[in-house]
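Student: Provide a 3D model corresponding to the input given below.
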Amino acid sequence: MARRILNRRQLREAAEAAERRAAEKERDDEEEEEEEESEDVEDEEEAAAEDELDEDEEKPKKKSRKKAATGTSTRQKQRTAKTARMKVVWAVYSSNQTLEKTFEYSQKAEAEKYAAKLSAEKKSTYYVNPLRQPMT
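Tutor: Here you go, the predicted model:
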């Protein structure tokens with residue numbers, strides 16, 4: 001079964017119509033919010049008039065509302081943090097995981113010899129692990 005060829009112009013018109021409906025709905029929502037705010041202001045004015053009559057009672061604090069953003073807001077692109085380039089070196093650690101010495105990546109044999117030498121001299125365990133460091 002062959003697939004129907006899409007008419008780009010009709011698709012674009014449908015998309016624009018959907019955008020217009022969304023904008024109209026947004027405007028209607030804003031108008032409703034403004035009406036609610038005006039009703040709240042009228043209620044607050046009535047409450048203030050009653051409070052003036054009753055001087056013994058404290059005045060209620062007015063609630064501030066955030067106004068809706070006008071127009072369309074555009075999102076700014078978030079910049080990705082620059083990651084530092086890393087290099088791998090061989091690190092000789094003691095049994096309590098303290099760093100004894102580091103060797104370049106190409107010097108693994110020297111790092112193993114150094115760990116063996118320390119193990120023989122100090123009679124404790126030393127081992128070699130790769131370690132990532134920022135390039136300098």
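
Student: what strand or helix carries residue 31?
Tutor: helix 8-53 (DSSP states H and E).

Student: what is the mean pLDDT for that helix?
Tutor: Mean pLDDT, computed over helix 8-53, is 80.

Student: ok, the helix or strand following that helix: who's next to it in the sheet?
Tutor: Proceeding N to C from helix 8-53, the next assigned helix or strand is strand 86-94, under DSSP H and E. Applying DSSP bridges to the sheet, strand 86-94 is found paired with strand 99-103 (antiparallel), strand 126-134 (antiparallel).

Student: nearest to residue 14, of those?
Tutor: Relative to residue 14, the nearest member of the strands paired with strand 86-94 by CB to CB is strand 126-134, separated by 52.4 Å. Placement of C-beta: from N, CA and C, glycine included.

Student: residues in contact with that closest one?
Tutor: Strand 126-134 is contacted by residues 84-95, 99-100, 102, 105, 108, 111-112, 115-116, 118-119 when judged by CB atoms under 8 Å, 6 or more residues apart in numbering.

Student: I appreciate the help and will end here.
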